[in-house]
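Visitor: Sequence first, predicted coordinates after that:
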Number of protein chains: 2
Amino acid sequence: MTYDTALTALADPTRRRVFERLQSGPQAVGAIARGLPVSRPAVSQHLKVLKEAGLVTDRPEGTRRVYAIDPHGLGALRGWLDQFWDQALTAFQSEVERTAKDERDRK
Amino acid sequence: MTYDTALTALADPTRRRVFERLQSGPQAVGAIARGLPVSRPAVSQHLKVLKEAGLVTDRPEGTRRVYAIDPHGLGALRGWLDQFWDQALTAFQSEVERTAKDERDRK
DNA sequence: ACAGATTGTAAGTCATAACTTACGGTAAGC
DNA sequence: GCTTACCGTAAGTTATGACTTACAATCTGT
């Protein structure tokens, strides 16, 4: 549930498609695999990685397993990202001003 | 400068260390490589990936090249993440309430 | 109890990408 | 102009991980 596992989890394209597919609501493994160009076991492995990253939760529903998005992993990612966001913005802004000043001074 | 390239770029651990090292301010390639357990060309390749992802900018300074964090890639990532954040939070909340209700009903 | 459905895991294959060394190019200093 | 410093790129090697098929386990319905 740290930000790094969430990053590596969301790096894979098909795993991202699995994750994005859960945005329309919780779904079972078979339903997720249906419509994806990979086999069902592959989806299972992807869901395992997403779960270990704190990005999804699973709950048994009869013989099938329903997966849903877990905000924990998303929160960790957002926190790490915000750690950069403000500082990078202000730094970039002052950088732009510095460059603009150099441009002016050169003329 | 799309969110997916930024994700795959930040997935690699050493590349993340390169990126995080720029948080303390712009730095040249050699300075970044010094202190990292990889060779300088490796750092160059990582910086190339980060640049293509819109996460860093580079500017020549004499014979060396200074890299800095670019908010563009971060913004794209944040936008994609926020697309999930609110919805996932509310969905998770209603899910918690649903489970709590089930717990109550069972007693 | 048995048959069908749904899923997780194991073993194996194969492509990707992270790293190294070697080389070429450009700017600065004597 | 020549050497030195700093950097990017090419080529090659190797480890990681994404995918497949095969199998075992669990739950439901008849």
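Guide: Yep, it's here. Numbering: from 1, shown residues only, chains lettered A, B, ... in the order given.
Visitor: Buried residues, stretch A:12-26. List them.
Guide: A:12, A:15-19, A:21-22, A:26 (16 or more other C-beta atoms under 10 Å in any protein chain shown). C-beta: built from backbone N, CA, C; applies to glycine.
Visitor: Leaving out sequence neighbours, find the closest residue to whatever residue of chain A ends up closest to chain B.
Guide: For chain A and chain B, the shortest gap (C-beta to the nearest C-beta) falls at A:Ala11, measuring 3.4 Å. Spatial nearest neighbour of A:Ala11, excluding adjacent residues (C-beta to C-beta, 6 or more residues apart in numbering or on different chains): B:Ala11 at 3.4 Å.
Visitor: Contact partners for that neighbour?
Guide: Going by C-beta atoms under 8 Å, 6 or more residues apart in numbering or on different chains, B:Ala11 touches A:7-8, A:10-11.
Visitor: List the contacts of the residue in chain A that DNA strand D sits nearest to.
Guide: At 3.1 Å from DNA strand D, A:Ser39 is the closest residue in chain A, using C-beta to the nearest atom of the strand. Contact partners of A:Ser39, counting by C-beta under 8 Å, 6+ apart, are A:Ala33.
Visitor: Can you pull the phi and psi angles for it?
Guide: A:Ser39 adopts backbone torsions of phi -70, psi 170, taken as degrees, to the nearest 10.
Visitor: For it, give its distance to DNA strand C.
Guide: 8 Å (C-beta to the nearest atom of the strand, to the nearest Å).
Visitor: Which stretches in chain A count as helices?
Guide: With helices called from DSSP state H, chain A shows them at A:3-11, A:13-21, A:29-33, A:40-52, A:71-106.
Visitor: Mind giving me the packing neighbours of the shortest one?
Guide: In terms of contacts (3 or more C-beta pairs under 8 Å, 6 or more residues apart in numbering or on different chains; DSSP states H and E), helix A:29-33 is packed against helix A:40-52, strand A:64-69.
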